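*Asks:* Fold the following and give me the result.
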Amino acid sequence: MDIKFAYWVPNVSGGLVVSKIPQRTNWTFDYNAQLAQTAEKVGFDYALAQARFIASYGAEYQLEAFSTVAALAPVTKRLKLIAAVHPGLWHPGVVAKMGATIDFISQGRFCLNIVSGWFKDEFTIYGEPWLDHDERYRRSEEFIRVLKGMWTEDNFHFRGDFYRINGGWVKPKPVNQNPHPEIFQGGNSKAARRMASRVSDWYFMNGNTIEGVREQIQEVSTLARQQGRKVKFGLNAFILVRDTEAQAHAVLQEIIVQADKEAVEGFKEAVKHAGASTQERQGMWANSNFEDLVQYNDGFRTGLIGTAQQVADRIRQYYEVGVDLILCGFLHYSDDLPAFGRTVIPLVREMEVHRHSTEELVSL
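*Replies:* Alright, predicted model coming up:
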């Protein structure tokens, strides 16, 4: 099975769950450099650096995402490095130049994750306007169109509602990535799905059931085909692998029992600007309950909790409905990430599966 594996880079303090349970992880660069080297040795393909600018859900310290992947480039050899970026806080021409530089340094391993934004305070503290939900995605689409133009043309012009480029160019160009660095995008709303179908290479989905994931993949794939395009799909998951299923679920319950209720409720308030604010009331966190929000991208819902074999079998089911990448979060990065690489990834790679085409999925 050729599914890919990525992990959330813990470049933000507080860990990947909003809980007071002890977590063996660290946000510092030295820790992340060692973790990245371990990750590529045990079979991970991508590392995604988070973008945060002020504390939320207990994340008091943050290493900036672009700086982090730039620093990880020379200490890794194979791992593809994804930097998250917020349109509105960055200009796409500047991002195109920075990205091309990191891509040059890393010999073609730079990727970008476009975050349209759900945390209003991160914009208002810098005096930036806070746009309505669908307008944020419209701005992100222009942002990506500018990136692609700057990366592939020598005299690029663009006139949109949010950005103007008057004969822009980037040299050195990115290392050939057919024809530019991979562009990831998150968001589960209708606006996010339409945008992904038109401009993104990868569509990240919050944690979800197999049927919920199948529905998103069907819709985005159909929209992309109408544009003459194909999109790949990544799925967020929180991984708990233990010797027995009971042990894994006991750890999950302990995480939830020790949840930082004030921080979770604060996060719930912050994300009301996401999917719940759309006309369809569909998208990021629109239907998430308290337990879901303890892992802030609904990672528990994906169900990768149990023994190594059970988790591998569950990954196979997601692959069969069209998932191309699992984005992994862990409780104890120091122990759980290398253990996942040693025990689960080999099981997955050995599996023989039949994968439905997107055309078959639509008819199921």
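*Asks:* mind listing the helices for this protein?
*Replies:* 29-41, 65-72, 92-106, 120-124, 133-152, 190-199, 210-226, 245-257, 261-270, 290-293, 308-320, 333-350, 358-363 (DSSP state H).
*Asks:* The residue nearest to residue 62 when sequence neighbours are not counted: what's it in contact with?
*Replies:* Leaving out its chain neighbours, the residue that sits closest to residue 62 by C-beta to C-beta, 6 or more residues apart in numbering is residue 52, at 4.4 Å. The way it works is simple: take the backbone N, C-alpha and C, and place the C-beta from them, glycine included. Neighbouring residues of residue 52 by C-beta atoms under 8 Å, 6 or more residues apart in numbering: 12, 59, 62, 122.
*Asks:* cool, and residue 335?
*Replies:* By C-beta under 8 Å, 6+ apart, the neighbours of residue 335 are residue 24.
*Asks:* how many other residues sit next to residue 67?
*Replies:* Residues lying near residue 67 (other C-beta atoms under 10 Å) number 15.
*Asks:* Make TSV out of the helices of the chain and add mean pLDDT.
*Replies:* Formatted as TSV, the helices of the chain follow (pLDDT from 0 to 100):
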stretch	mean pLDDT
helix 29-41	98
helix 65-72	98
helix 92-106	97
helix 120-124	88
helix 133-152	96
helix 190-199	96
helix 210-226	97
helix 245-257	97
helix 261-270	75
helix 290-293	81
helix 308-320	97
helix 333-350	97
helix 358-363	52
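*Asks:* And these: which comes nearest residue 181?
*Replies:* Nearest to residue 181, of all the helices of the chain, is helix 92-106, at 5.6 Å by C-beta to C-beta.
*Asks:* Just the CA trace of that closest one, in PDB.
*Replies:* Provided in PDB are the C-alpha atoms of helix 92-106 (Å, rounded to 0.1, in the frame of the first residue of the first chain):
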ATOM      1  CA  PRO A  92       2.000  35.600  -1.400                       C
ATOM      2  CA  GLY A  93       4.900  37.200  -3.300                       C
ATOM      3  CA  VAL A  94       7.000  37.100  -0.200                       C
ATOM      4  CA  VAL A  95       5.900  33.600   0.600                       C
ATOM      5  CA  ALA A  96       6.800  32.500  -3.000                       C
ATOM      6  CA  LYS A  97      10.300  33.800  -2.500                       C
ATOM      7  CA  MET A  98      10.800  32.300   0.900                       C
ATOM      8  CA  GLY A  99       9.400  29.000  -0.200                       C
ATOM      9  CA  ALA A 100      11.600  28.800  -3.300                       C
ATOM     10  CA  THR A 101      14.600  29.500  -1.100                       C
ATOM     11  CA  ILE A 102      13.800  26.700   1.300                       C
ATOM     12  CA  ASP A 103      13.000  24.400  -1.600                       C
ATOM     13  CA  PHE A 104      16.400  25.200  -3.100                       C
ATOM     14  CA  ILE A 105      18.200  24.600   0.200                       C
ATOM     15  CA  SER A 106      16.300  21.300   0.800                       C
END
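*Asks:* That helix versus helix 65-72: what angle between them?
*Replies:* Between helix 92-106 and helix 65-72, the angle comes out at 10 degrees (axes from the mean of the first three to the mean of the last three C-alpha atoms, to 10 degrees).
*Asks:* Now do helix 92-106: distance to the chain's middle.
*Replies:* 19 Å (C-alpha atoms, centre = their mean, to the nearest Å).
*Asks:* What lies in contact with that helix?
*Replies:* 66, 69-70, 73-74, 76, 81, 83, 85, 109-110, 112, 142-144, 146-147, 150-151, 163, 165, 168, 170-175, 177, 181.
*Asks:* out of these, which are buried?
*Replies:* Burial by neighbour count, 16 or more other C-beta atoms under 10 Å: within the contacts of helix 92-106 this picks out 66, 69-70, 73, 76, 81, 83, 85, 109-110, 112, 142-144, 146-147, 150-151, 163, 165, 168, 170, 173-175, 177, 181.
*Asks:* What is the burial count for residue 164?
*Replies:* Residue 164: 12 neighbours (other C-beta under 10 Å).
*Asks:* can you put the helices of the chain in TSV and add distance to residue 8?
*Replies:* Shown next, in TSV, are the helices of the chain (distance: least, C-beta to C-beta, whole Å):
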stretch	distance to residue 8
helix 29-41	11
helix 65-72	11
helix 92-106	19
helix 120-124	18
helix 133-152	21
helix 190-199	19
helix 210-226	18
helix 245-257	16
helix 261-270	16
helix 290-293	16
helix 308-320	17
helix 333-350	9
helix 358-363	27
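*Asks:* rewinding a little: sort the contacts of residue 52 by pLDDT and name the bottom one.
*Replies:* The pLDDT minimum for the contacts of residue 52 sits at residue 59, where the score is 74.
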